[in-house]
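[1] take a look and give me a structure for this.
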Amino acid sequence: MRFEDGIFIPAALADRSLHYEFVCGWWTRDPLFLFSRSLVAPGDTIFDIGSNIGQWVIGISRRAGPSAVIHAFEPVPTTCERLVHNLALNRVDWVHCHRQALSDENGRATFHVPTNDSATASFAALPSSTRVEVATIRLDRFCEGRGIDRIDLMKVDVEGAELMVFRGAGALLETDSAPVILFEAEEAHCRRLGYSVKAVKRLLADKGYECYLHNGSALVRVSIDDLDHRDLLALKPCHVDRLAEVRRLIRPS
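    Okay, the predicted model is just below:
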């Protein structure tokens, strides 16, 4: 199936999320998905946490080009194999793929993988799923081990484990080298892991971030108490100063 211009992936329509994309084309109509492409430049360092089969990282990699440093994390073995295959199919050979889950602890954990929906695998128990043991690592530890002291853009889509990812990145997120963050904020997913979207936003606010919703034409600031947003952009003042596209679209809340 043609995912977007020049990008093709196998139409594995038994995969519920991919079938939905095939029928509805949601990803390529989502304004924040599209806007994220304008936030990268050649040579940037980009992290895709919860890469699934590459829906976001293939396009962002092409935009940033082979001089970019790009790391994609997908802990489920079969899904990671599909990710690697899709990158090769689209001739994107400069992405480093890691079969690991970023979390707030280094070690091992149980992942629950639905039999017919690769995009909804989670640390939380799910009906009609199989258990897979996966490696976990803190983002601070990962970056320290590879000498990475800056990330320009980070996408986090981890089915409710966003707070765990950000807790494991505490040192990085405190600095002006912290990334622009595109992340999913789904209350039901967070609740399965025992917290709320508010806790995610509060942690980011403590690190100097503000969260924005893309309404199709502008970036509108959202408060910590808002719960009705699935995909948000987290920015620090240094990001607003640096990125003309962001300054152009920001509107008062």
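
[2] give me the nearest residue to Val240, chain neighbours excluded.
    Val246 (5.4 Å; Cβ to Cβ, 6 or more residues apart in numbering). Using the backbone N, CA and C atoms, a C-beta is placed for each residue, glycine as well.

[3] same thing with Asp231?
    Asp231 sits nearest to Leu32 (Cβ to Cβ, 6+ apart), 4.9 Å away.

[4] neighbouring contacts of the host helix or strand of the one you found?
    Assigned by DSSP states H and E, Leu32 belongs to helix 31-35. Here helix 31-35 makes contact (Cβ atoms under 8 Å, 6 or more residues apart in numbering) with Trp27, Thr28, Trp56, Leu182, His214, Asn215, Gly216, Asp231, Leu232, Leu233, Glu245, Leu249.

[5] how about the strands in the stretch 1-150 of the chain?
    Remark: strands assigned in the stretch 1-150 of the chain by DSSP state E, counting those that start in this stretch are 2-4, 7-8, 45-49, 69-73, 95-98, 101-102, 107-114, 129-137.

[6] please read the previous query as pertaining to the stretch 151-253 of the chain.
    With DSSP E, counting those that start in this stretch as the criterion, the stretch 151-253 of the chain has strands spanning 153-156, 180-184, 210-214, 219-222, 231-235, 250-251.

[7] quick check: mean pLDDT of the last one?
    Read it as strand 250-251. For strand 250-251, the mean per-residue pLDDT is 88.

[8] what helices and strands are in contact with that strand?
    Counting contacts by 3 or more Cβ pairs under 8 Å, 6 or more residues apart in numbering; DSSP states H and E, strand 250-251 is packed against strand 219-222.

[9] quick one: buried residues of the strand it packs on?
    Across strand 219-222, burial judged by 16 or more other Cβ atoms under 10 Å covers Leu219, Val220, Val222.

[10] and stretch 232-239, by the same measure?
    Quick answer for stretch 232-239 (16+ other Cβ under 10 Å): Leu232, Leu233, Ala234, Leu235, Lys236, His239.

[11] and it, end to end?
    Stretch 232-239 stretches 15 Å from its first residue to its last (Cα to Cα, to the nearest Å).

[12] so that it lines up with my notes, have the first residue be 649 from now on.
    With 649 as the first residue, the last one maps to stretch 880-887.

[13] what about the residue nearest to Val888, neighbour count?
    19 (other Cβ atoms under 10 Å).

[14] just list the residues touching it, thanks.
    Contacts of Val894 (Cβ under 8 Å, 6+ apart): Leu687, Leu867, Leu883, His887, Val888.

[15] and stretch 882-891, average pLDDT?
    96.

[16] for that stretch, which outside residues touch it?
    Counting by Cβ under 8 Å, 6+ apart, 687, 824, 826, 828-831, 852, 855-860, 894-895, 898 sit against stretch 882-891.

[17] what of stretch 828-840?
    680, 684, 687, 770, 772-773, 800-808, 810-811, 844-845, 847-849, 852, 857, 859, 875, 877-883, 887, 891.

[18] let's see that with 7 Å instead.
    Contacts to stretch 828-840, defined as Cβ atoms under 7 Å, 6 or more residues apart in numbering, come from residues 680, 684, 687, 770, 772, 800-805, 807-808, 810, 844-845, 848, 875, 877-883, 887.

[19] do the same with stretch 736-745
    655-656, 705-706, 709-710, 714, 718-720, 722, 728, 731-732, 735.

[20] could you pull out the helices for the stretch 699-848 of the chain?
    Using DSSP state H, counting those that start in this stretch, the helices of the stretch 699-848 of the chain run over 705-712, 725-737, 787-794, 810-815, 818-821, 835-840, 845-854.

[21] wait, which of those helices is closest to Asp752?
    helix 810-815 (3.9 Å; Cβ to Cβ).
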